[in-house]
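In: predicted model follows, preceded by the sequence.
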Amino acid sequence: MVRTQEQEFRTLPQDTGMPSGGVIVCIIFGVLLFIGLVAGLIIYRRRQAHHHRARPCQKHSGYNRDEIWLKPYVDLQPYEDPSRGVLEFTKELDPSLVNIENVIGEGEFGEVYRGTLCFPGKERIVVAIKTLKSSYSDSTWWNFLREATIMGQFNHQNIVRLEGVVTKRSPMMIITEYMDNGALDTFLRENMDKFSAVQLVTMLQGIASGMTYLSDRNYVHRDLAARNILVSHCLLCKVSDFGLSRILENDVEGTYETKGGKIPIRWTAPEAIAHRIFTSASDVWSFGIVMWEVLSYGDKPYGDMTNQEVMKSIEDGYRLPPPVDCPSVLYELMKVCWSYDRTRRPRFREIHAQLDHFISSPHLLRTVADFDPRVTLRLPSCSGSDGIPYRSIPEWLESIRMKRYILNFRTAGLNTMESVLELSAEDLKQMGVTLPGHQKRILCSIQGFKE
Ligand code: 30K
């Protein structure tokens, strides 16, 4: 073997020094293969960037085409003229196809209308029409176009679908799908106690599915809240309001620091409030708050506490108490979403999988979460007597989500916090607190004052 190798080795210098025909073919083939691979990679990344609604972009000046390959989604920043950027991902509609009917609500840029859209030769569809009020500033206009650009790049059943825009005539419009049941927070308030735990979890699972889609695309929503979720006729929930969202820059942490703007304190993770670090993990914190809103049928998180009090309580380790009749597995899930350390929070994919599991094994939802007075929230500004951290009965009942019984307490002649200390289950029943879950919650809280 060794001899053979030596012989072969020695023969080489005796060659002409020129590669033989076979070697040339090999090199050419190799080069072609390399070019093919590079071209393939470029095409693949472009496709990814353009996603579903790909359109050629050569014609647009002032647009750095390299940026598109670095980001999974395209924002308006690379465009010198944002109104051209919008055209890449949205359909400019002839205003004569749009028929505005009645106001259905307020958007951040102006009124939202119900109306119809009719493409020639197609059936008329009902749509929601967001308008830009005529007195808009440059930044409002920019954000308006930006929302349309962002929405136009998404295609998912739990994300509100964009039908098209009108940007070339006034008033400017963003035309999206109509959602029969409107915003989730008002919808739940109007349908208090009407849904089963499985129905509520199914709504949350839809939101988690939409959020998994967004976070897979490095998209940080930054304003996830029940008011920004829309509900279809069949209770399908869809994420909307992309006005605040930001594309993650390509940094290792995947974080984005904002330069300013209002922050919805009650929904926002502590690191996002303190350092403006918005990530999918801070969206997960907000998702936990949305879970709480859904399970409490649209109640206001942290009730009458001020934003300052909310921030202080979170820093002190307190968290929202479980909503009334909240399955304990769901409360546990909320609490991990509110882990102070953002790396300990679950990913949207995991949340979605867990919710799926609860829907297919509904017996897991049967155990109701206990109200634990040690971990759940109290007012930090309390000045009550020994052990009782509440100033009044209404304040206490509010904090344990039992304010529906304020009148019952008043009618029973109970006016001070001291007067509730000796209440028994029988007393509560006499007062009209008949549901065992509610009795347990109240007694549990009283017990907490004594420990
Ligand atoms: O159908 C609808 N499709 C929509 C698409 C609707 C709203 C938006 N964007 C808004 C989402 C919430 N956000 C709050 C800060 C403002 C922008 C996109 C929509 C609505 C709707 C309109 C305005 C506010 C909230 C929801 C809608 N409201 C309804 C009320 C409704 N659809 C159907 C019935 C209804 O009955 C009272």
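Out: Nice, thanks for sending it over. Small disclaimer: the values here were computed from a predicted structure and weren't measured.

In: up against the ligand, what does the protein have?
Out: Contact residues (C-beta under 6 Å from any ligand atom) of the chain with the ligand: 104-105, 107-108, 112, 128, 130, 160, 176, 178-180, 182-183, 227-228, 230, 240-241. Placement of C-beta: from N, CA and C, glycine included.

In: and those residues, which of them are in strands?
Out: Counted as lying in strands by DSSP state E, out of the residues of the chain next to the ligand, are 104-105, 112, 128, 130, 176, 230.

In: and Leu397, helix, strand or coil?
Out: Three-state assignment for Leu397 (DSSP: H, G, I helix; E, B strand; the rest coil): helix.

In: now do the contacts for it.
Out: 403, 405-406, 409 (C-beta atoms under 8 Å, 6 or more residues apart in numbering).

In: among these, who's most crowded?
Out: Phe409 (23 neighbours; other C-beta atoms under 10 Å).

In: quick one: low-confidence parts of the stretch 201-350 of the chain?
Out: 244-261 (pLDDT under 70).

In: quick check, nearest of the contacts of Leu397 to the ligand?
Out: Nearest to the ligand, judged by C-beta to the nearest ligand atom, of those is Lys403 at 25.4 Å.

In: surely the closest one and Ser392 touch.
Out: No - between Lys403 and Ser392 there is no contact under C-beta atoms under 8 Å: 11.4 Å.

In: can you show me the strands along the stretch 151-300 of the chain?
Out: If DSSP state E, counting those that start in this stretch is used as the criterion, the strands of the stretch 151-300 of the chain fall at 162-166, 173-177, 219-220, 229-231, 237-239, 246-247, 256-257, 277-278.

In: which strands or helices does the fifth one pack on?
Out: Translated: strand 237-239. Identification of packing neighbours for strand 237-239 by 3 or more C-beta pairs under 8 Å, 6 or more residues apart in numbering; DSSP states H and E yields helix 197-216, strand 229-231.

In: kindly report the same for the third one.
Out: Counting contacts by 3+ C-beta pairs under 8 Å, 6+ apart, strand 219-220 packs against helix 280-295.

In: tell me what angle the helix it packs on forms with helix 197-216.
Out: Per axes from the mean of the first three to the mean of the last three C-alpha atoms, to 10 degrees, the angle that helix 280-295 makes with helix 197-216 is 160 degrees.

In: how about the stretch 1-150 of the chain: which residue is closest to the ligand?
Out: For the stretch 1-150 of the chain, C-beta to the nearest ligand atom, closest residue to the ligand: Gly105, 2.5 Å.

In: show me what that residue is bridged to.
Out: Judged by DSSP bridges, the bridge partners of Gly105 are Val112.

In: that one reaches Ala183, doesn't it?
Out: Yes - under the criterion of C-beta under 8 Å, Gly105 makes contact with Ala183 at 7.2 Å.

In: picking that back up, make a PyMOL selection of the buried ones in the residues of the chain next to the ligand.
Out: Buried subset of the residues of the chain next to the ligand, written as a PyMOL selection, criterion 16 or more other C-beta atoms under 10 Å:
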select buried, resi 104+107+112+128+130+160+176+178+179+182+183+227+228+230+240+241
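
In: so where is the stretch 1-150 of the chain shaky, pLDDT-wise?
Out: Residue ranges of the stretch 1-150 of the chain with pLDDT under 70: 1-20, 40-74, 77-79, 82, 85.

In: could you pull out the strands for it?
Out: Using DSSP E, counting those that start in this stretch, the strands of the stretch 1-150 of the chain run over 98-106, 111-117, 125-131.

In: quick check: which of these is nearest to Ala425?
Out: Proximity to Ala425, assessed across the strands of the stretch 1-150 of the chain by C-beta to C-beta, is greatest for strand 98-106 (44.2 Å).

In: list the buried residues in that closest one.
Out: 98, 100, 104.

In: what is the nearest of the residues you listed to Ile314?
Out: Closest to Ile314, out of all of the buried residues of strand 98-106 and judged by C-beta to C-beta, is Ile104, at 34.5 Å.

In: mind listing what the residue lying closest to the closest one once chain neighbours are set aside touches?
Out: Nearest non-adjacent residue to Ile104, counting by C-beta to C-beta, 6 or more residues apart in numbering: Arg114, 4.9 Å away. Residues in contact with Arg114 (C-beta under 8 Å, 6+ apart) are 101-104, 126-129, 178.

In: need the max-distance pair from those residues.
Out: Most distant of the contacts of Arg114, by C-beta to C-beta, are Val103 and Val126, 14.8 Å apart.

In: okay, now the closest residue to Thr343 other than its chain neighbours: neighbour count?
Out: Counting by C-beta to C-beta, 6+ apart, the nearest residue to Thr343 once its immediate chain neighbours are dropped is Ala281, at 7.2 Å. Residues lying near Ala281 (other C-beta under 10 Å) number 25.

In: please report how far Ala281 lies from Asn218.
Out: 12 Å (C-beta to C-beta, to the nearest Å).

In: one step back: what would the contacts of Leu397 look like in a markdown table with secondary structure and pLDDT?
Out: Output for the contacts of Leu397, formatted as a markdown table (DSSP: H, G, I helix; E, B strand; the rest coil; pLDDT from 0 to 100):
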| residue | secondary structure | pLDDT |
| --- | --- | --- |
| Lys403 | helix | 87 |
| Tyr405 | helix | 94 |
| Ile406 | helix | 95 |
| Phe409 | helix | 96 |
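
In: among the residues you listed, which one sits closest to Ala425?
Out: Nearest member of those to Ala425, counting by C-beta to C-beta, is Tyr405, at 14.0 Å.

In: that closest one contacts Val433, doesn't it?
Out: Yes - contact status for Tyr405 versus Val433: in contact at 5.8 Å, counting by C-beta under 8 Å.

In: need the nearest residue in space to the residue of the stretch 301-450 of the chain found nearest the ligand, chain neighbours excluded.
Out: For the stretch 301-450 of the chain and the ligand, the shortest gap (C-beta to the nearest ligand atom) falls at Pro301, measuring 15.8 Å. Sequence neighbours aside, Arg266 is the residue nearest to Pro301 in space, at 4.6 Å (criterion: C-beta to C-beta, 6+ apart).

In: and the one you found, how close does it get to Ala226?
Out: Arg266 is 11 Å from Ala226, by C-beta to C-beta.

In: more neighbours: which of the two?
Out: More crowded of Arg266 and Ala226, by other C-beta under 10 Å: Ala226, with 28 against 19.
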